[in-house]
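[1] no FASTA, just this:
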Ligand SMILES: O=C(O)C1=C[C@@H](OP(=O)(O)O)[C@@H](O)[C@H](O)C1
Ligand SMILES: C=C(OP(=O)(O)O)C(=O)O
């Protein structure tokens, strides 16, 4: 985690305080994880495809821009049925030289180097300062073992150049993906285009974010790839993808259930009722676990034809929970836990120290800055609820820190979120959506 910036003065957004029970119905934009996988798979397909209701945010636009730089056609417009936004993806030969800005998007920095290895020239990868600190060695080492040439000046991280050779051998590789499941997803997504496909064997400590690997496998199968994996009878910690052509599909992107979290939390915290439209009946998104986790923290949910309705009970309970599978939900759960009637222990998320910021340190510092009592453990947080007071909640360029602070602001007067605009990484309209949920005017400071 970088120090909270002292100069220039950060833009502050007064987080709206909820004066009563929140009653709202919300449409949450498309999933970042599904959109960015769909873009990669469509770009590697043998025929054009459609993405309907894609997420339009910093992370997905960086992915689209990078694929365009490699020669892929991506036309943004409305779908053939005239309903909502749809992007047409037209695969083409992948060309270098090209440059890719990954921003601070894990999906872009991990999923695209294998695609770049298939290009016919050098592809330079660079990004935000934080992207230099996020682990990438799993992808770099694996690609080298599979036949790619990569110049990273020996750092094992960004910036780097992938010298695409027009094709990649592929084959068997061992990786330690305990610091990010995205290493596995990255290799699997491009593997149908490797000459020999791939066999990825994870050999390190516990693999986090398993639902995201399931999402990768499901989406590969949906475009015709043949995948063997542990959960359908394969060897533990081994994934195999066969070399094959991929279909161009017409895919409707699910709403981002992790970005639904603050809205469901609003119902939980205020004893209100919030419906998130179009919640999928079946999904690999980790956000689906909120149904169980938030119910345990106080409240009830119901899945109907309209979506998921969560009703708060007026009480918020602490929770002892392993979040290893659903790490990206941790900031929002920590925020709710800080307002609960009993302590919480959040476990299994040591790898969050390598996310957009060191999320364990950032949550501890910012909740304690409002009068909270949070301690870091080896693999998570221990949160003892205290009466909180207003103050500045710093976000460290982390979208989920901004939404976590906003959750606390619903119950605590005078919380100012520094740089709420960082939510643009995955949810650019967050301040307006939050104000609309509460029926209040959008406040200043949100636009900078
Ligand atoms: O594959 C994906 O789309 C993601 C995987 C997870 O990464 P880690 O396994 O690095 O936590 C998750 O936290 C991230 O938000 C999105
Ligand atoms: C960890 C996250 O993002 P990324 O895809 O950049 O890893 C996240 O969105 O919580």
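    That came through, no problem. No experiment lies behind these values; they were computed from the predicted model shown. Ligands and ions are numbered 1, 2, ... in the order given.
[2] can you tell me the residue of the stretch 151-300 of the chain closest to ligand 2?
    Ranking the residues of the stretch 151-300 of the chain by distance to ligand 2 (CB to the nearest ligand atom) places residue 182 first, at 6.4 Å. Every residue, glycine included, has its C-beta placed from N, CA and C.
[3] spell out which helix or strand contains the nearest residue to that residue once chain neighbours are set aside, please.
    Closest residue to residue 182 apart from its sequence neighbours, by CB to CB, 6 or more residues apart in numbering: residue 110 at 4.0 Å. Here residue 110 is covered by helix 106-116, with elements defined by DSSP states H and E.
[4] about what we covered before: so the residue nearest to residue 182 touches residue 188, yeah?
    No - if you go by CB atoms under 8 Å, residue 110 and residue 188 don't touch, sitting 11.2 Å apart.
[5] now what about the least confident helix or strand in the chain by mean pLDDT, what contacts it?
    Taking mean pLDDT, DSSP states H and E as the measure, the helix or strand of the chain with the lowest value is strand 73-78, at a mean of 92. Contacts of strand 73-78 with the rest of the structure, by CB atoms under 8 Å, 6 or more residues apart in numbering, involve 39, 64, 67-68, 84-92.
[6] swap in stretch 340-352?
    In this structure, residues lying in contact with stretch 340-352 by CB under 8 Å, 6+ apart are 178-180, 206, 208, 297-298, 315-325, 327, 330, 333-334, 337, 358-360, 377-385.
[7] what residues of that stretch count as buried?
    Under the neighbour-count criterion of 16 or more other CB atoms under 10 Å, stretch 340-352 has 340, 344, 346-352 buried.
[8] show me where the stretch 151-300 of the chain has its helices.
    182-190, 210-222, 261-270, 290-296 (DSSP state H, counting those that start in this stretch).
[9] check which helices and strands the first one sits against.
    The reference is to helix 182-190. Helix 182-190 sits against helix 32-44, helix 106-116, helix 137-145, strand 171-175, strand 198-202, helix 210-222, strand 238-241, with contacts defined as 3 or more CB pairs under 8 Å, 6 or more residues apart in numbering; DSSP states H and E.
[10] okay, these in TSV with distance to residue 265, mean pLDDT and mean neighbour count next?
    Converted to TSV, the helices and strands packed on helix 182-190 look like this (distance: least, CB to CB, whole Å; pLDDT from 0 to 100; neighbours: other CB atoms under 10 Å):
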stretch	distance to residue 265	mean pLDDT	mean neighbour count
helix 32-44	19	98	27
helix 106-116	23	98	27
helix 137-145	32	98	20
strand 171-175	35	98	16
strand 198-202	33	98	21
helix 210-222	20	98	20
strand 238-241	34	98	21
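[11] reformat these as TSV; add distance to ligand 1.
    Formatted as TSV, these follow (distance: least, CB to the nearest ligand atom, whole Å):
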stretch	distance to ligand 1
helix 32-44	3
helix 106-116	5
helix 137-145	10
strand 171-175	13
strand 198-202	12
helix 210-222	4
strand 238-241	14
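[12] quick one on the thing from earlier: which among the contacts of strand 73-78 gets closest to residue 414?
    For the contacts of strand 73-78, the residue nearest residue 414 by CB to CB is residue 85; the value is 37.5 Å.
[13] from ligand 2, how far out is the closest one?
    Distance, residue 85 to ligand 2, by CB to the nearest ligand atom, to the nearest Å: 21 Å.
[14] re earlier: the least confident helix or strand of the chain pairs with which strands?
    Strand 73-78 pairs in its sheet with strand 85-90 (antiparallel), by DSSP bridges.
[15] any idea how far apart the tips of stretch 367-387 sit?
    11 Å (CA to CA, to the nearest Å).
[16] in it, what's buried?
    Under the neighbour-count criterion of 16+ other CB under 10 Å, stretch 367-387 has 367, 370, 372, 374, 376, 379-383, 385 buried.
[17] now do the helix holding residue 110 against helix 32-44, angle only.
    10 degrees (axes from the mean of the first three to the mean of the last three CA atoms, to 10 degrees).
[18] from the contact counts, what lies against helix 106-116?
    Under the contact criterion of 3+ CB pairs under 8 Å, 6+ apart, helix 106-116 touches helix 32-44, helix 58-69, strand 98-101, strand 122-126, helix 137-145, strand 160-163, helix 182-190.
[19] turn the ones you listed into JSON lines, including distance to residue 226.
    Converted to JSON lines, the helices and strands packed on helix 106-116 look like this (distance: least, CB to CB, whole Å):
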{"stretch": "helix 32-44", "distance to residue 226": "14"}
{"stretch": "helix 58-69", "distance to residue 226": "24"}
{"stretch": "strand 98-101", "distance to residue 226": "29"}
{"stretch": "strand 122-126", "distance to residue 226": "27"}
{"stretch": "helix 137-145", "distance to residue 226": "20"}
{"stretch": "strand 160-163", "distance to residue 226": "26"}
{"stretch": "helix 182-190", "distance to residue 226": "12"}
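[20] which one of the ones you listed lies nearest to residue 250?
    Closest of the helices and strands packed on helix 106-116 to residue 250 is helix 32-44, at 10.1 Å (criterion: CB to CB).
[21] can you list the residues of this protein near ligand 2?
    By the rule CB under 6 Å from any ligand atom, the part of the chain lying against ligand 2 is 105-107, 328, 355-356, 400, 426.
[22] make JSON lines from those residues and add distance to residue 55 to it.
    JSON lines is the format used below for the residues of the chain next to ligand 2 (distance: CB to CB, whole Å):
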{"residue": "105", "distance to residue 55": "12"}
{"residue": "106", "distance to residue 55": "15"}
{"residue": "107", "distance to residue 55": "11"}
{"residue": "328", "distance to residue 55": "14"}
{"residue": "355", "distance to residue 55": "18"}
{"residue": "356", "distance to residue 55": "16"}
{"residue": "400", "distance to residue 55": "15"}
{"residue": "426", "distance to residue 55": "7"}
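[23] highest neighbour count among these?
    Tallying neighbours with other CB atoms under 10 Å puts residue 400 at the head of the residues of the chain next to ligand 2, with 31 neighbours.
[24] so that residue sits against residue 332, correct?
    Yes - counting by CB under 8 Å, residue 332 is a contact partner of residue 400 at 6.8 Å.
[25] residue of the chain nearest ligand 2, please.
    Closest residue of the chain to ligand 2, CB to the nearest ligand atom: residue 106 (2.5 Å).
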